[in-house]
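Asker: next one to model:
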Amino acid sequence: MSITTSPKTTGKDSVAFENATHMPEKKISYAKVARVFLAGWYWIIGSLVLAVGVAYFYLRTAPRIYSTSSVIRIESDKPGFNLDPNNAPVSLFRPKNDLESETFVIRSRAVMENAIKRLNYQVSYFIKGRVRNSDIYPEVPFSVVPQDTTSMEGSSDLFEFEHKTQTTYLLSLNNKSASFKYGELVELGGYKFKILQGVEPVQGTYLFRINTPASVARSVMPYLTIQPYSKNADIISLSLSGLNPQFASDMLNAIMEEYINHSRKSKQQAATQTIEFINEQLALLSGQVEKSESALESYKRGNNIVDLSTSTGTLVSRLSELESRKNEIQIQSLAIDQLESEIKQNRQRVTLNLGLEGETGPLLTGLVSQFNGLITERNALLNQYNENSNQIKQIDNQIAAIQQAAVNSIRLLRERSNKTLGYVNQQLAELNQELKEIPRAERQLFSLTANNEVNQKVLTFLNEKKLAAQINRASTVADASIIETAKANLAPISPKSADIYRNSLVFGLALGIGIILLLRMINPYINDRAFVEAHTNVPILGVIRKFPDTIDENNSQVLNNVLPKSVFAESVRSVRTNLSFLAAEKGNKVICVTSELAGEGKSFTSLNLASTLALIEKRVVLIAADLRRSKLHKAFNVEKGLGLADFLARKTDLEHIITKTSLPELDFISSGTFPPNPSELLHSDRMQDLIKRLSETYDYVIVDTAPVGIISDAIPIITAADINIFVVRAGVSKTTAATLPTRISYELGLNNAVIILNEFEEKPMYASFYSTDFGETGYYGYYYYSDYSAYSSYLDVEKKPWWKRIFKV
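Answerer: Predicted coordinates:
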């Protein structure tokens, strides 16, 4: 409601304005906060029980996750047995101290799938459960022998197996069932396999899944964690988590063994390619050796020549050495061409074949090693990224830079080899010039002998190199070693019962507190007198407790003085006592009772005050001034008849509208006939004259008015009254009702307003968190009123059932 009229400012207005602008100071009370949450203990306990119940159900149904770990050491350039210290093998498998590259190698598809093949994990077996299935690895209740796995890639179908007789079983897939004999070929859903009986009879229902290395690798890789112990350490920690602790440990051990085997094979690759190159050269040279030997023998027999002279033999030795050196250079040239071709391919690792070992120098050897490391890393990254990703493009740029540097180094190596070959050819030309001076027959024998010796030396050289490469390959040691093998850890890492229950308790407590705060937040009603005290400076005259019984529609229990020793009756008497201190200078008092809205207990409060004042022999007249919807006459069990509206409309006299009640000191004036202009009648001078005449006859004139928050009918009565009572009903009045008395007092310039908190009942959960400090407000008009909680021995306090006392019902 908005009051548009404003009276002139007086000393009375100044006091009202000062009271309206000096609100009581609010201070948070931790005792009240604790009491609020203790009052809502059942919400907290219920939330805790719910949270713990959900945690228990989760722990019962959630799969157990187990984890196992192992440790391996990565060693750079670990040598094997080598016959030639000048031709030490170069580690081409990984860049030195590059543990990140090794991580990609371990997670590569080749290593993972070969590890699964090593583990022989073709079939997974499960026990069927009501909530979840249990993996029983490594137990094999019966043997499933896959016959064709080519069409199983990417499949994850679960077969249901049930033993029937000694020779038959029932097999189900996708809700389709069929009986088969043990050992019979099964063709079902694109699968081909046989099932053989186990050693012991099978009982119950089992599930099984036929695996492929690729499918198992895809399921394992997301749960494989690889990380170094520290930044510069050469030790790697591997951990694998899964639903079966034994499978996790066996799988992790298989991965480590396969990685070490992969490392060994990678290091053996150079020796293997060298042996293949030598075999190719030997295949070509062996025929030439046989031909040269045969030609030499035939020439000796045909010319009856046994041997060369000493000088000619010396020339033969020199020629043989030069030809052997020339052949070695030519072999080196072939190896240089092969190395350049492999590097230019840009996608495959390269090796230093026969003829280049010890000749390339540290620069080219280092470039080849880096090139191989980057190629290995790139191949591993392709398992996670595509060709157009930034990671692949970045490593391609590095490969291109090293490739260009290696090609330049190879060009210099080829130029050096060509210079050496030119020098050898020059020596051979000079030697051939000397041979022209030898007789023809001896010169022919010299040529055959020299050719045969050259072929023999080259053949010996190749066989020696082949033997050295074979020994090196056989003695190759991997760059990694297992420090700690994985062992099955039977303690699950997830879910952790202690953490789950602890978190559930915290969540339950927070949920309970949140529910209490939410209920308080969405509660729009006044339930606590401290809230009223904190939002207005208008004093609370008293608190009328909730009537202990059901009040009938007419409030007739009030006049009959029911339960005179109840807390309710005593609270009304307390209000009556406090009322005597208001307008004490007045002999006869006019009291206006109003509220913000209908249904807040104006009539009930007026009736209680009137009856309790009449009981102490005070002459009281109660006026039903709500001309629109008053029902106050029903409490006196009388007809509405002629009343206030008729008097104000000059249809009757005062004597005809006063009704005697059952209480000798209490008279009543009904609202009368419903008028078309109630507001104008109440604003008339005749209303003011009525109040003046009644105040001369009665000690108390109590006027029950219409709600001031809806209509303005009560304004003239409020301004004329000695005491203005604003009724606030606990649990019914909204929070705005607490500020209404302050607004009305300021707008009308009142200093005689008080508040009565009606139908109050303790609801600690909705109590205010604040305590009100009136010390600095300058207002001293607050009254004493008790909550009567400690006077059960003096008063008739209702004995509620235990459940009502606990839940505050």
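Asker: measure the residue most central in space within the chain to residue 515 for me?
Answerer: Nearest to the mean C-alpha position of the chain, by CA atoms, centre = their mean, lies residue 503 at 13.5 Å. Distance of residue 503 to residue 515, given as CB to CB, to the nearest Å: 18 Å. C-betas here are computed from N, CA, C, even on glycine.
Asker: repeat that for residue 505.
Answerer: 16 Å.
Asker: what of residue 587?
Answerer: The gap separating residue 587 from residue 515 is 55 Å, by CB to CB.
Asker: of these two, which one has the most company?
Answerer: With neighbours defined as other CB atoms under 10 Å, residue 587 and residue 515 compare such that residue 515 has more, 15 against 9.
Asker: what packs against the helix or strand where the more buried one lies?
Answerer: Element membership for residue 515 (DSSP states H and E) is helix 497-522. Contacts defined by 3 or more CB pairs under 8 Å, 6 or more residues apart in numbering; DSSP states H and E place helix 497-522 against helix 30-39, helix 41-61.
Asker: now the ones you listed as CSV including mean pLDDT and mean neighbour count?
Answerer: Output for these, formatted as CSV (pLDDT from 0 to 100; neighbours: other CB atoms under 10 Å):
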stretch, mean pLDDT, mean neighbour count
helix 30-39, 88, 14
helix 41-61, 94, 15
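Asker: of the ones you listed, which approaches residue 539 most closely?
Answerer: Ranking the helices and strands packed on helix 497-522 by proximity to residue 539 (CB to CB) places helix 30-39 first, at 21.0 Å.
Asker: show residues contacting the closest one.
Answerer: With contact meaning CB atoms under 8 Å, 6 or more residues apart in numbering, helix 30-39 is reached by 44, 513, 516, 520, 530, 763-771, 808.
Asker: phi, psi of residue 170?
Answerer: Phi and psi for residue 170, reported as degrees, to the nearest 10, are phi -110, psi 130.
Asker: quickly note the distance from it to residue 271.
Answerer: 56 Å.
Asker: and if you look at residue 463?
Answerer: Per CB to CB, residue 463 is found 15 Å from residue 271.
Asker: name the single longest helix found in the chain.
Answerer: Ranked by number of residues, the top helix in the chain under DSSP state H is helix 245-303.
Asker: buried ones in the next helix-or-strand element following that helix, by neighbour count?
Answerer: Sequence-wise, the next helix or strand downstream of helix 245-303 (DSSP H and E) is helix 310-345. Under the neighbour-count criterion of 16 or more other CB atoms under 10 Å, helix 310-345 has 312, 315-316, 318-329, 331-336, 338-340, 342-343 buried.
Asker: strands of the stretch 651-800 of the chain, residue ranges please.
Answerer: Assigned by DSSP state E, counting those that start in this stretch, the strands in the stretch 651-800 of the chain fall at 658-660, 666-669, 700-704, 723-729, 753-760, 770-773.
Asker: could you check the angle strand 723-729 makes with the fifth one?
Answerer: What that stands for is strand 753-760. 30 degrees (axes from the mean of the first three to the mean of the last three CA atoms, to 10 degrees).
Asker: ok, back up a step: which of the contacts of helix 30-39 count as buried?
Answerer: For the contacts of helix 30-39, a neighbour count by 16+ other CB under 10 Å gives the buried set as 44, 513, 516, 520, 530, 763, 765-771.
Asker: and of the residues you listed, the nearest to residue 267?
Answerer: Nearest to residue 267, judged by CB to CB, of the buried ones among the contacts of helix 30-39 is residue 513 at 64.7 Å.
Asker: quick one: the closest one and residue 770, what's the gap?
Answerer: 18 Å.
Asker: try residue 396
Answerer: For residue 396, the distance to residue 770 equals 70 Å [CB to CB].
Asker: go on, residue 114?
Answerer: As for residue 114, its distance to residue 770 is 73 Å (criterion: CB to CB).
Asker: before we move on, back to that, return the distance of the longest helix of the chain from the chain's centre.
Answerer: 56 Å (CA atoms, centre = their mean, to the nearest Å).
Asker: what about the strands in the stretch 351-500 of the chain?
Answerer: Counting by DSSP E, counting those that start in this stretch, the strands of the stretch 351-500 of the chain are 480-484.
Asker: please enumerate the helices of the stretch 1-150 of the chain.
Answerer: Secondary structure of the stretch 1-150 of the chain by DSSP state H, counting those that start in this stretch: the helices cover 11-21, 30-39, 41-61, 99-106, 109-119.
Asker: can I get those helices in CSV with distance to residue 534?
Answerer: Listed next are these as CSV, based on distance: least, CB to CB, whole Å:
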stretch, distance to residue 534
helix 11-21, 15
helix 30-39, 11
helix 41-61, 24
helix 99-106, 65
helix 109-119, 69
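Asker: picking that back up, got the angle for the helix holding residue 515 vs helix 41-61?
Answerer: 140 degrees.
Asker: which strands and helices sit next to the helix or strand just after helix 497-522?
Answerer: Sequence-wise, the next helix or strand downstream of helix 497-522 (DSSP H and E) is helix 529-535. The contact analysis (3+ CB pairs under 8 Å, 6+ apart) places helix 529-535 against strand 540-545, strand 753-760, strand 770-773.
Asker: redo the ones you listed as CSV? Include distance to residue 689 and mean pLDDT.
Answerer: Shown next, in CSV, are the helices and strands packed on helix 529-535 (distance: least, CB to CB, whole Å; pLDDT from 0 to 100):
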stretch, distance to residue 689, mean pLDDT
strand 540-545, 28, 90
strand 753-760, 24, 92
strand 770-773, 41, 69
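Asker: looking at those, which is closest to residue 479?
Answerer: Closest to residue 479 of the helices and strands packed on helix 529-535 is strand 770-773 (CB to CB; 72.9 Å).
Asker: worst-scoring helix or strand of the chain, pLDDT-wise?
Answerer: helix 11-21 (a mean of 45; mean pLDDT, DSSP states H and E).
Asker: low-confidence ranges in the stretch 301-450 of the chain?
Answerer: 301-316, 345-361, 383, 433-448, 450 (pLDDT under 70).
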